[in-house]
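>>> Quick check, what structure comes out for this input:
(one chain, ligands or ions: 1)
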Amino acid sequence: MTIIETIHKRQSWRTFLPKQLEPEKTGLLRDFMSLNTRSVFGSVVRCELMDFKVTPVNLLKTLGAYSVIKDAKVFMAGCVKNSEKCLEDFGYIMEKNVLKAVELGFATCWLGASSNRNGFSEMMKCAPDEIVPAVSPVGYAAEKRRLADSLMRKVANSDTRKHLFEISFRGDFYDSRVPENKYKTVLECVKLAPSATNQQPWRFLRETDGDIFHLFLERTKDYTYKAGQNIDMGIAMAHFELAANELGLKGSWTQDKPDVDAGDREYVATWKP
Ligand SMILES: Cc1cc2nc3c(=O)[nH]c(=O)nc-3n(C[C@H](O)[C@H](O)[C@H](O)COP(=O)(O)O)c2cc1C
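Here you go, the predicted model:
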């Protein structure tokens, strides 16, 4: 499966089959996770795959996440030192692991932690300055979503996405414009990314000349889960980079804040070919 196909296939899943995962497959995922360590802003993100005998309901409650997961026994958790842009780095690394899990045939669901200290941070033996911002179940999707899962998708409006012209601009934020080259496919892949309650806070400002893209965070008004939107930006960077690389568009993330009127939008990073 190509990475673009994997990005199209991924959907949050909250109802699992109570089936053992093959050690060969979880081994492949663990191998990938151990090599996936290069972050954008230099944070060290440590991810682990944890096996439980039954769904760790009480442990999941310590996250304060907004969902109930059924019949998943394996969880992916990540831990990062609490520092500037650590949440973006966390999102970037963890989403690459999530996509690898999907490629291997597993279903996943980001579960954001509302508190920095939770049961998973204890299990991962996090230092006092380390946090576990989110976890995800990893397992086989049940044939059908149960009612609570379908309702969750309805509430978060998970089956809809913003139009590309709502997230893509050229030159300044007054000119909403969709690229007419391969970067259109790249932005389509960002659009399919998971985001906290599907708010899709990513905005791309393309320079007038060439394919330099500045990524901004447009926060949802009165949204209390602020950390989630920082994680969303890292996830968006992972989708952008993976899709661009697969399409042969070489480039990397750097810091080069443009001199534009961005309003309340927060600058995150710049993609430079
Ligand atoms: C940072 C983050 C936190 C999330 N937290 C939760 C959560 O606590 N509970 C949940 O059911 N889904 C959670 N989600 C999943 C989103 O609701 C989901 O990605 C969004 O609705 C889009 O649906 P999709 O992933 O199926 O494309 C989270 C996603 C992200 C990126």
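>>> how about the residues of the protein near the ligand?
11-12, 14, 65-67, 109-112, 134, 152, 156, 158, 194-198, 228, 231-232, 235 (C-beta under 6 Å from any ligand atom). The C-beta positions use only the backbone N, C-alpha and C, and glycine is treated the same way.
>>> quick one: contacts for the closest residue to N181 other than its chain neighbours?
Excluding its sequence neighbours, the residue lying closest to N181 (C-beta to C-beta, 6 or more residues apart in numbering) is D211, at 7.4 Å. Listed by C-beta atoms under 8 Å, 6 or more residues apart in numbering, the contact set of D211 reads P179, N181, Y183, L249, G251, W271, P273.
>>> Provide the backbone phi and psi angles at E180.
When read as degrees, to the nearest 10, the backbone of E180 gives phi -100, psi 10.
>>> tally of neighbours for it?
Number of residues near E180 (other C-beta atoms under 10 Å) recorded here: 7.
>>> Helices of this protein, residue ranges please.
3-9, 23-35, 57-61, 86-103, 119-123, 147-155, 164-167, 183-191, 226-246 (DSSP state H).
>>> who's in contact with V138?
By C-beta under 8 Å, 6+ apart, the neighbours of V138 are L21, T26, L29, L49, A72, V74, F75, M76, A101, F106, A107, T108.
>>> Quick one, which of the contacts of D211 are buried?
When those are checked for burial by 16 or more other C-beta atoms under 10 Å, the buried set is P179, Y183, L249, G251, W271.
>>> And those, which two are furthest apart?
Greatest spatial distance among these (C-beta to C-beta): P179 and G251, at 13.5 Å.
>>> Nearest residue to E88 in space, please, no chain neighbours.
Closest residue to E88 in three dimensions, ignoring its sequence neighbours and counting by C-beta to C-beta, 6+ apart: G234, at 4.0 Å.
>>> I'd guessed that neighbour sits against S43; true?
No. Contact criterion C-beta atoms under 8 Å: G234 and S43 do not qualify, at 9.7 Å.
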